[in-house]
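Colleague: structure for this input, please:
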Amino acid sequence: MAVASHLLLALISYLTLFSTLINAEISASVNATSDSVDVSLTVGVPKGPVCKRPLGKQGRAKPSDPYWLEAIKHQGSAPYNPDPANYKVFRNVKDFGAVGDGVHDDTDAINQAIQEQNRCGENCQSSTLSPAVIYFPQGTYRVSAPIIPYYYSTLVGDPKNPPTLLADPSFNGSAVIDANPGYWINQKNFFRIIKHFVIDLRQVPAEWEATGIHWQVSQSTALRNIVVHMPTDPNTNHRGLFMENGSGGYMGDLVFNGGKNALLVGNQQFTVRNLTINNAQIGIFAIWNWGWTFQGLNIRNCGIGIEILSASIGAEAIIDARVVDTPTFIQSTTPSNGTLHGSLVLNNVKLENVPVAVGVDNGDVVLSGGSKTIASWAQGNVYRGENPKGEFIQSNLPYAHKASSLLDVSGRVVSRPQPTYETFTVDDFISVKDYGAKGDGVTDDTEALNKIFKQFADCKILFFDAGHYIVSDTVFIPAGTRMVGEAWTVIAGKGPRFQNQKKPRVVFQVGRPGDRGIVEISDIVFSTVGSAAGAVIVEWNVKEPVGEKGGAGMWDSHIRTGGVAGSQLEGPQCPRSGEGGIDNCFAAYLHLHITKHASAYLEATWVWLADHNLDGDGLSQISVYSGRGILSESQGPVWLIGTGSEHHAIYQYRFVDAKDHFMGLIQTESPYYQPTPAAPAPFILNTSPKYPDPKPYDVAAPSAWALSVERSKDIFIFGAGLYSFFVSYAGECAGTRNCQAQIANIDRRSSVYLFSLSTVASEKQISVNGKGIVDQADNINGFVSTVTYWSSP
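Modeller: This is a model prediction of the structure:
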């Protein structure tokens, strides 16, 4: 009997070990005596979801059911707020006295909902301590003065029945929504979202200068699903959207009806997706930029589609446009005369009854119109391969292949709005705080979150109540997951498992290699806490379901490290002077890894290593270190819509053995501290196939690559702003255009189509196989240098 018992115990132990190994997560580690990466096993991650009833594509909400966000229990928290026990993240404007009947003046009630509890407004440069979601139920809200969304605010209406913000006939102020009445530095005006509204200016006298939205913002901002109505009187002086400067940014699914200018805009860079303009005198008046990308532009019955203030424009790139019954699609204020002012790219533009496609204010016709499709056309400097000499053209471009996997049934690049789940009831959601997660910035939520994902992926939509969720080991996010944050809910890796750069470890693993299924992530910030030299923050393995292009994606979700309360990588720990040391100020090994068999649709995603404090004084620079930004080895399809990657030591965007990617617009900045130390320091170059690193360019003290492409096919980049502003924190080099020697490298084996590239202070704009080819001096375009089009041989 004793022998039998020992045999039974041994069998149980063997089965337990076998089960543990089967359920183990495979993650990367590095041999401590080598710079190469090996594969090791990490045990304890749940194998997959347990689901009794799949959620399905559509819910069963009745028209009379409240929108789930209104009905769900709100228990979000702000752990680093001065009064965390009483601070309210979610605010329904009706709880503050707004009526929404179209009669009462709701201005004060709405602004009270935004401002209450000492949030970051006037005399506050920035703050993440007081996040807020300001919710507007269905109704018509009359306003007589601007609504001012404070820093770290999301204004959201009911998408089932979008509320109307009705400007009173006596409206007095800059705009119905004013994102910066002079309170914040425009290039640092981060973290605002406005979505699901109708703005109606038609009761304001047409001759008044009335504006729907003043949107002077920077990165991590979004406008979504907004309709603006303006009068169509001949003397109208209304503007739908006004933007005089900033450093954006993304906006999409917007409709503007009427007005003098639907958009009057100037900003360093922006991505605009699915923009419709009807019956405006001028659809878009572009007053200045370094580079804008318009994807999915629809203009109907306007006097001029786009007016370009030629001397101030770096680059406009327009793809998948339809223009109907408009005399002139694009008009420059002055002739180009063989210069880059007004660099322009058109790709897949369909004209219907448009006599002039591209013209000049003096009456010159650069490109005739009619009813036709413009496949690919450019005005500007064009390069090919390793030829250092460009050619100024105003003519058709050669064919640039877009993979069919990237296109919808109409032949346009896939365009996918952020999920809103308006067809689902509140019963289709679970709050992670109801199932053991704390989000208090202290508790280790690893086990709770892994259990939640295992139990509810594909069964429920996971609501991550506002908070700061700490994990000490890998969290597995299975295929089938739909998760929504609240005012940029933070989930962050912390602790010794993520601290060894010779042993990189995944913090958040989205699917396993080979997994297929829906993944939808919105309004989340992935991050780290404390030194995390070995953290691979997000590993993206999942591939979209068959027949659902863009079915695995993120919207308004960021990978942000350092510079905020709770990160333990702020000024006191990591001052600009470097007195904090390096070992204590590692933020991550790699921010985002899209693996070979994955697909990804990422929209309005900012992969940012902080260069300054967002909390505290909101200004002081810091010295923190991240090795790498975005690495994609995906065979596609991958869409990067309105993304940025900044301040990483070795590279910002890197593509290795990748295929079938569309990007527009991508934006980068090199680390401000470089070249002290020079790239790759303080990281070690990895030469193994796992997380392959590029060699720095060949000078004594190189800075990071903004863009690195190796052995990749059909990489279609439609708009890029690659910037270098500093040498060892000194900014004089930007004025003399010599902050670094090279910035973008593409090897001879890759096929890349690069449209509308603007660079700052890199002596060579494009390199091939590490050798600088395109000289910025040949492409000076105001503050930037612009290459209108470059393609590999």
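Colleague: tell me how far the closest residue to V143 other than its chain neighbours lies from N180.
Modeller: Once flanking residues are discounted, V143 sits nearest to T107: 4.6 Å by CB to CB, 6 or more residues apart in numbering. Heads up, the C-betas are built off the backbone N, CA and C, glycines and all. Distance of T107 to N180, given as CB to CB, to the nearest Å: 18 Å.
Colleague: check A720 too.
Modeller: For A720, the distance to N180 equals 26 Å [CB to CB].
Colleague: out of the two, which sits in the busier spot?
Modeller: Shown here are A720 and N180; by other CB atoms under 10 Å, A720 has more neighbours (27 against 23).
Colleague: start to end distance for stretch 694-704?
Modeller: End-to-end distance for stretch 694-704: 10 Å, by CA to CA, to the nearest Å.
Colleague: list the buried residues for that stretch?
Modeller: Within stretch 694-704, the residues that count as buried by 16 or more other CB atoms under 10 Å are 694, 696-697, 701-704.
Colleague: tell me the average confidence for that stretch?
Modeller: Averaged across stretch 694-704, pLDDT comes to 97.
Colleague: chain center to it, what's the gap?
Modeller: Relative to the centre of its chain, stretch 694-704 is centred 27 Å away, using CA atoms, centre = their mean, to the nearest Å.
Colleague: so which residues make contact with it?
Modeller: 648-652, 654, 670-671, 674-676, 678-680, 685, 705, 708, 710, 724, 739-742, 745, 767, 770, 772 (CB atoms under 8 Å, 6 or more residues apart in numbering).
Colleague: do stretch 101-116 as well
Modeller: 88, 91-93, 95-100, 121, 132, 134, 136, 139-145, 147-150, 153, 155, 164, 166, 168.
Colleague: likewise for stretch 384-398?
Modeller: For stretch 384-398, contacts defined as CB under 8 Å, 6+ apart pick out 336, 338-340, 345, 358, 366-367, 375-383, 768, 771, 773-775, 778-779, 787-793.
Colleague: list buried residues within these.
Modeller: 336, 339-340, 345, 358, 366-367, 376-383, 768, 773-774, 779, 787-792.
Colleague: which ones among those residues are found in helices?
Modeller: Using DSSP state H, the subset of the buried ones among the contacts of stretch 384-398 located in helices is empty.
Colleague: which ones among the residues you listed map onto strands?
Modeller: The strands, defined by DSSP state E, take in 345, 358, 366-367, 376-383, 768, 773-774, 787-791 from these.
Colleague: list the contacts for L665?
Modeller: Residues near L665 by CB under 8 Å, 6+ apart: 269-271, 291-293, 317, 642, 718-721, 756.
Colleague: kindly recompute the last result at 6 Å.
Modeller: If you count contacts by CB atoms under 6 Å, 6 or more residues apart in numbering, L665 has them with 269, 271, 293, 719.
Colleague: mind checking how far the third one is from V413?
Modeller: Looking back up the chat, that one is T293. 11 Å.
Colleague: neighbour count winner among the two?
Modeller: More neighbours surround T293 than the other of T293 and V413, with 29 against 22 (other CB under 10 Å).
Colleague: any idea how far the more buried one lies from T271?
Modeller: 5 Å.
Colleague: check I330 too.
Modeller: Counting by CB to CB, the gap from I330 to T271 is 19 Å.
Colleague: how about Q568?
Modeller: 32 Å.
Colleague: between those two, which one's more packed in?
Modeller: Per other CB under 10 Å, whichever of Q568 and T271 has more neighbours is T271, with 29 against 19.
Colleague: quick one: the helices in this protein?
Modeller: Using DSSP H, the helices of the chain run over 2-22, 68-71, 107-115, 446-456, 732-736.
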